[in-house]
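Participant: Turn this into a model:
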Amino acid sequence: MVFSLLCWGSLTCGQKATGSSFVSNNSSAGANSANAPFIVIGFVGGFVRHDDTVHSPVQVAERIRKDYPPSVYIKVFENRRREQAHQVILKLLDTNRDGTLSDEEKRNARIVLYGMSWGGSETVALARELQAETIPVLLTIQVDSVEKIQENDEVIPANVAEAVNFYESDGFVHGRSEIRAEDPSRTKILGNFHFSYTSMPANCEKYPWWDRWFVKPHTEIECDPTVWNKVEALIRAKLPPTGGSEVSQR
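Facilitator: Numbers count the residues shown, from 1 in each chain. Prediction:
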């Protein structure tokens, strides 16, 4: 079922949620560091290209990018390119360009990670890599997260301040139904939000026919604008006020 936008921020309208209220009151952290960039990294699912604008993770990045100056870095990666995304983050955090990250540069990190399907699994895996380097993450967002081999997309590492999960459970391929915090005193789970499309299918006519046929519900949550409007709003809540100028991808 595609839920009404009037339900934004509520735990009603047929959505199942565990944890805290959906809308976060903690907008951007670390705003005292003028030099540290805001970093938003997205991962597409399956074998989707990072620049395929048919897919919602790419569309979200494009919309946000148009509204923000270069101090906000937003880029989408194929889910197999996690290490490339990791290196980009380390380079961006090295604000004095000395080749190492100081404790201050790590503390000033303002990072949001999001991903669809396998990209959701890579979102958590990347957050865990950053935890090993004592780099904090403001927010992780998983949409119908499908766990990769030798990864764990259920437990959110303690360096993540907030995390949220959207999923459907009807298809042969379906997402993780619940995420939980490794350390609940450090990570707030905003919710596990369930969507169903059995009574009101989403319109995914622009998606490849094989996606619409073989993994229909999994595709429907990816093309459901209600889900992705929520994803976009959560990301924007962590960013500074919009500058109103259009910038190109670096």
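Participant: ranges for the helices of this protein?
Facilitator: 56-67, 82-93, 103-107, 118-132, 209-214, 216-223, 225-237 (DSSP state H).
Participant: And the contacts of the shortest one?
Facilitator: The list of residues contacting helix 103-107 from outside it, by C-beta atoms under 8 Å, 6 or more residues apart in numbering, reads G30, A36, L93, D94, T95, N96, E133, T134, I135, P136. C-beta: built from backbone N, CA, C; applies to glycine.
Participant: Out of the helices of the chain, the one nearest D183 is which?
Facilitator: Proximity to D183 (C-beta to C-beta) singles out helix 118-132 among those, at 10.4 Å.
Participant: So in this protein, where's the weakest helix or strand by average pLDDT?
Facilitator: The weakest-scoring helix or strand in the chain, judged by mean pLDDT, DSSP states H and E, is helix 209-214 (a mean of 66).
Participant: For T134, give me its contacts.
Facilitator: Counting by C-beta under 8 Å, 6+ apart, T134 touches D103, K106, N159.
Participant: wait, which of those is closest to P241?
Facilitator: The closest of the contacts of T134 to P241 turns out to be K106 (C-beta to C-beta; 24.9 Å).
Participant: That closest one: neighbour count?
Facilitator: If you count neighbours by other C-beta atoms under 10 Å, K106 ends up with 17.
Participant: Look at it and report its pLDDT.
Facilitator: Listed pLDDT for K106 reads 97.
Participant: ok, the residue of the chain most remote from its centre to K91 distance?
Facilitator: The centre of the chain is farthest from one residue, D98, which by C-alpha atoms, centre = their mean lies 29.6 Å away. Distance, D98 to K91, using C-beta to C-beta, to the nearest Å: 12 Å.
Participant: returning to what we had before: adding distance to G171 and pLDDT, write the contacts of helix 103-107 out as CSV.
Facilitator: Formatted as CSV, these follow (distance: C-beta to C-beta, whole Å; pLDDT from 0 to 100):
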residue, distance to G171, pLDDT
G30, 39, 39
A36, 40, 77
L93, 38, 97
D94, 42, 95
T95, 44, 93
N96, 48, 92
E133, 36, 98
T134, 38, 98
I135, 35, 98
P136, 34, 98
